[in-house]
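> turn this into a model:
(chains A and B)
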2 protein chains.
Amino acid sequence: MDMHLVAVGVVRSPLIDAGDAPKQGDEGAPDATIVLDEGFLPALDGVTPGQAVLVLTWLDRADREVLAVHPRDDRSRPLTGVFATRSPDRPNPIGLHRVEVVAIDGAELRVRDLEALDGTPVVDIKPVLGTDPADR
Amino acid sequence: MDMHLVAVGVVRSPLIDAGDAPKQGDEGAPDATIVLDEGFLPALDGVTPGQAVLVLTWLDRADREVLAVHPRDDRSRPLTGVFATRSPDRPNPIGLHRVEVVAIDGAELRVRDLEALDGTPVVDIKPVLGTDPADR
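The predicted model follows:
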């Protein structure tokens, strides 16, 4: 089975290395820009400023062999399976980020609360599900 | 860059073909079982019954060339970019399912509200983020 991801875009952010990055976007991430590949621009039609979306990334600096971690790198906390944590180190290092779209300019999405590092590949964008089934 | 996913498990469900599946899990999906590959069992340590988790799947029957759809297959709704919808047809068909863990028996997780079809590969499980940063 072909389970190979394609990058649909890339994160541009002032966050250059992992030591700078907050653990979650609402813990102080700077605004960032998602630069889509032009070929995927039609997929963005209907995404609007002010909307909350889920950005899926490929955490390319993760260690895929890790199955258990100390949550939030706190050695006083017991080793925990990665499926019970948001550790980037996991068998398939897909990052899931809830962000707010601030502005859209062509293939560039300005977003708030994206804690991904500069250069991180973007693999998907999904709307946050509302309570109205018509919005899904 | 290696962006190749590995299956960490598989969905076992009474939902056999796409015509049977609800559009979202809370619209009437039957209980389902996630059967993890034994090698990934340590990653499950810390996941507990009653917990809400996000299951990421590979929607292997999706059309990856599709960039715009009529939302919910309703032809009266205008064509919309797939990044503004939850269509399975999208460049990287990663399914994102919020489910409740009902029971865990070895490598088998019984879950509620998983709308994925029988045989769908599972690629990740993540906790739903709470409001307490210590839980993240």
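
> okay but A:R112 is in contact with A:R98, surely?
No - using CB atoms under 8 Å, A:R112 makes no contact with A:R98, being 10.2 Å away. (Glycine included, C-beta is placed from N, CA and C.)

> now do the shared contacts for those two.
Taking CB atoms under 8 Å, 6 or more residues apart in numbering or on different chains as the contact rule, A:R112 and A:R98 touch no residue in common.

> how about the strands of chain A, start to end?
Using DSSP state E, the strands of chain A run over A:9-12, A:32-36, A:52-58, A:68-69, A:80-81, A:94-105, A:108-112, A:121-127.

> and stretch A:5-16, which residues are buried?
A:5, A:7-11, A:13, A:15 (16 or more other CB atoms under 10 Å in any protein chain shown).

> contacts only, for A:D31.
So A:D31 contacts A:102, A:110-112, A:114 (CB under 8 Å, 6+ apart).

> as CSV, those with neighbour count and distance to A:L129 would be great.
Shown next, in CSV, are those (neighbours: other CB atoms under 10 Å in any protein chain shown; distance: CB to CB, whole Å):
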residue, neighbour count, distance to A:L129
A:V102, 15, 21
A:R110, 18, 23
A:V111, 26, 18
A:R112, 15, 20
A:L114, 27, 19
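
> stretch A:47-66 near chain B anywhere?
Yes - using CB under 8 Å from any CB of the partner chain, stretch A:47-66 reaches chain B at A:47, A:53-54, A:56, A:58, A:60.

> pLDDT and distance to B:D31 added to those residues, as a markdown table?
Output for those, formatted as a markdown table (pLDDT from 0 to 100; distance: CB to CB, whole Å):
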| residue | pLDDT | distance to B:D31 |
| --- | --- | --- |
| A:V47 | 97 | 33 |
| A:V53 | 96 | 30 |
| A:L54 | 97 | 25 |
| A:L56 | 98 | 26 |
| A:W58 | 98 | 31 |
| A:D60 | 93 | 36 |
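
> out of those residues, who has the most neighbours?
A:W58 (24 neighbours; other CB atoms under 10 Å in any protein chain shown).

> that residue contacts A:A7, doesn't it?
Yes - applying CB under 8 Å, one finds A:W58 in contact with A:A7, separated by 7.2 Å.

> between these two, what contacts are shared?
Counting by CB under 8 Å, 6+ apart, the contacts common to A:W58 and A:A7 are A:121-123, B:1, B:3.

> pull the most distant pair out of those.
Farthest-apart pair in the shared contacts of A:W58 and A:A7 is A:V122 and B:M1; separation 12.7 Å (CB to CB).

> which residue sits farthest out from the middle of chain A?
Distance from the C-alpha centroid of chain A, by CA atoms, centre = their mean, peaks at A:S76 (27.5 Å).

> how about the nearest residue to that one, chain neighbours excluded?
Spatial nearest neighbour of A:S76, excluding adjacent residues (CB to CB, 6 or more residues apart in numbering or on different chains): A:H70 at 7.8 Å.

> quick one: contacts for the closest residue in space to A:D124 that isn't next to it in sequence?
Distance criterion CB to CB, 6+ apart; nearest residue to A:D124, sequence neighbours excluded, is A:L56 at 3.9 Å. Contact analysis of A:L56 by CB under 8 Å, 6+ apart lists A:94-97, A:122-126, B:92, B:94, B:96.

> of those, which is the most crowded?
A:I125 leads the contacts of A:L56 on contacts (other CB under 10 Å) with 27 neighbours.

> ok, the residue nearest to A:A7 when sequence neighbours are not counted - contacts?
Once flanking residues are discounted, A:A7 sits nearest to A:P121: 3.9 Å by CB to CB, 6+ apart. Contacts here follow CB under 8 Å, 6+ apart; on that basis A:P121 touches A:5, A:7, A:9-11, A:57-58, A:60, B:1, B:3.

> tell me where chain A is predicted with low confidence.
Applying pLDDT under 70 to chain A flags residues A:20-28, A:130-136.

> how close does A:A68 sit to chain B?
Note on A:A68: its distance to chain B, by CB to the nearest CB, to the nearest Å, is 6 Å.

> alright, I will stop here.
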